[in-house]
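Undergrad: give me the fold of what follows.
(one chain, ligands or ions: 1)
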Amino acid sequence: MARMRRKADLPVKTCRICARPFAWRRKWARVWETIETCSTRCRDAARRDRKNEQAREPGGHPGFP
Ligand SMILES: [Zn+2]
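TA: The predicted structure is shown next:
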């Protein structure tokens, strides 16, 4: 028999930044599908990542010297 290990029936995702699993939280109820990171710290890191990528793209910032 296949037995699934569940803590409390909550969905779990893996953080995009620290690669750790994290469980659904009530405050994410509306945005769970868009959540990619376990914490605000990791979300900040993800944001920074994105900014850096954009900054490195040539021509990404018109008017930038
Ligand atoms: Zn994380």
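Undergrad: how about the helix or strand of the chain with the lowest mean pLDDT against the ion, any contact?
TA: Here the helix or strand of the chain ranked lowest by mean pLDDT, DSSP states H and E is helix 40-56, holding a mean of 84. Yes. Contact of helix 40-56 with the ion is found when judged by Cβ under 5 Å from the ion, involving residue 42. All C-beta atoms are positioned from the backbone trio N, CA, C, and that covers glycine.
Undergrad: centre of the chain to that helix, how far?
TA: Mean C-alpha position of helix 40-56 versus that of the full chain (Cα atoms, centre = their mean, to the nearest Å) differs by 11 Å.
Undergrad: buried stuff in that helix?
TA: Residues of helix 40-56 classed as buried: 42-43, 45 (neighbour count, 16 or more other Cβ atoms under 10 Å).
Undergrad: hang on, isn't residue 23 packed against residue 9?
TA: No. Here residue 23 does not reach residue 9: they are 10.0 Å apart, not a contact under Cβ atoms under 8 Å.
Undergrad: more neighbours: the two, which one.
TA: Neighbour totals were compared for residue 23 and residue 9, and residue 23 leads with 12 against 7 (other Cβ atoms under 10 Å).
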